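Enquirer: return a 3D structure for these sequence lines:
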Amino acid sequence: MILKPDKDGVFTISFLLLPEYAMVALLSAIEPLRVANRFAGREIFRWQLLSEDGPPVAASNLLALQQTVAICDAAVPLNVFVCSSFNPKNYIRDDTIAWLKKLNRRGSLIGAMDTGCYLLAAAGLLKKHKIALHWEAAPSFQEDYPELELTNELFEVDHNLITCAGGTSAIDLMLYIIQEELGHSLAIKVCEQFIKSGIRQKSDKQRIDLSARLKIYHPRLLRVLENMEANLESPLSTEELAKYAHISVRQLERLFRSFLNDSPSGYYMKLRLERSRQLLKESSLSISEIRIICGFNSAPHFTRSYRKYFARSPSEDR
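Expert: Below is the predicted model of the structure:
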């Protein structure tokens, strides 16, 4: 059993909504529970929406769902998920952290959707746990919490702690829970209601394969591109990349011109600059720290390159 039942045997799942949360993740989590109740012909799951102070919370799409309850007015939840998405660090409050710690001491199951793990990390609840969160937020989270173990999984279930990458992966998490609690047959019925061809396993990739993303199927070029993405802090030379792919520098340059309309060094620069912009917007690291993480030894070179690519300086973007 994953979830903790109420005294009447029904599983109540509470969702703590933080400003700018992703509504798609919330609804992807709730709808499978509703459909499971329908097929079972009885109430197996209940859900409630919590907010820190009571009033409805605006999601990232600027819509707000009604019927939210303040955490101070709600009964102590046995199963709670923190739902967050954009700018999670802006919404970390000491009283909410204390509330999560209290739930942990009482043995509640605590989960996070998307970037909700920022609050769990601030509460010290993620140590010695594997963590799943949205791939876009992973680099900045890892820089803020280098001691924690991130995975590329859709979700992680570890005793009384669950983390989920958010988006539609919340459907797969709930299908997994339904399967564990009620059996494979019901989970498949619920899955089919969402016009899904199957239940994704937690180990399925969050992102589309690099080849499909870029529409490139040249195996040696793909090896080079993967190597670039894995080595942003200490960029490899074009000669090193060519040697890794077992081709000449001239062949590598031809491949980049043919498939990407760029040079190896130019494409590599774009990858590093895009990562630096992501960290500027989503992390609290200093500009100097971000510069080094993205492989720029010279501050003037970093600023010039950044301004040339984005038409604004790093400090203006921050």
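Enquirer: just the buried residues of the helix or strand of the chain with the lowest mean pLDDT, please?
Expert: Least confident helix or strand of the chain, by mean pLDDT, DSSP states H and E, is helix 210-214 with a mean of 84. Within helix 210-214, no residue counts as buried by 16 or more other C-beta atoms under 10 Å. (Each C-beta comes from the backbone N, C-alpha and C, glycine too.)
Enquirer: got the contact list for the nearest residue to residue 29 once chain neighbours are set aside?
Expert: Nearest non-adjacent residue to residue 29, counting by C-beta to C-beta, 6 or more residues apart in numbering: residue 170, 4.1 Å away. Shown in contact with residue 170 (C-beta atoms under 8 Å, 6 or more residues apart in numbering): 25-26, 28-29, 113, 164.
Enquirer: separation between residue 170 and residue 311?
Expert: Taking C-beta to C-beta, to the nearest Å as the measure, residue 170 falls 36 Å from residue 311.
Enquirer: how far is the least confident helix or strand of the chain from where the chain is centred?
Expert: 20 Å (C-alpha atoms, centre = their mean, to the nearest Å).
Enquirer: tell me who's in contact with residue 165.
Expert: By C-beta under 8 Å, 6+ apart, the residues touching residue 165 are 114, 132-135, 153-155, 206.
Enquirer: for residue 167, that is, sorry about that
Expert: For residue 167, the contact set (C-beta under 8 Å, 6+ apart) comprises 22, 24-25, 28, 114, 134.
Enquirer: parallel or antiparallel, list what pairs with the helix or strand hosting residue 83.
Expert: Per DSSP states H and E: residue 83 is located in strand 79-84. Partners of strand 79-84 in the sheet, by DSSP bridges, are strand 11-17 (parallel), strand 109-114 (parallel).
Enquirer: kindly reformat those as TSV containing distance to residue 191, mean neighbour count and mean pLDDT.
Expert: TSV is the format used below for the strands paired with strand 79-84 (distance: least, C-beta to C-beta, whole Å; neighbours: other C-beta atoms under 10 Å; pLDDT from 0 to 100):
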stretch	distance to residue 191	mean neighbour count	mean pLDDT
strand 11-17	19	23	98
strand 109-114	19	28	98
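Enquirer: nearest to residue 60, of those?
Expert: Distance to residue 60, taken as C-beta to C-beta, is lowest for strand 109-114 among the strands paired with strand 79-84, at 9.7 Å.
Enquirer: got the contact list for the closest one?
Expert: 2-4, 15, 21-22, 25-26, 29, 78-85, 100, 103-104, 119-120, 125, 133-134, 137, 160-167, 170.
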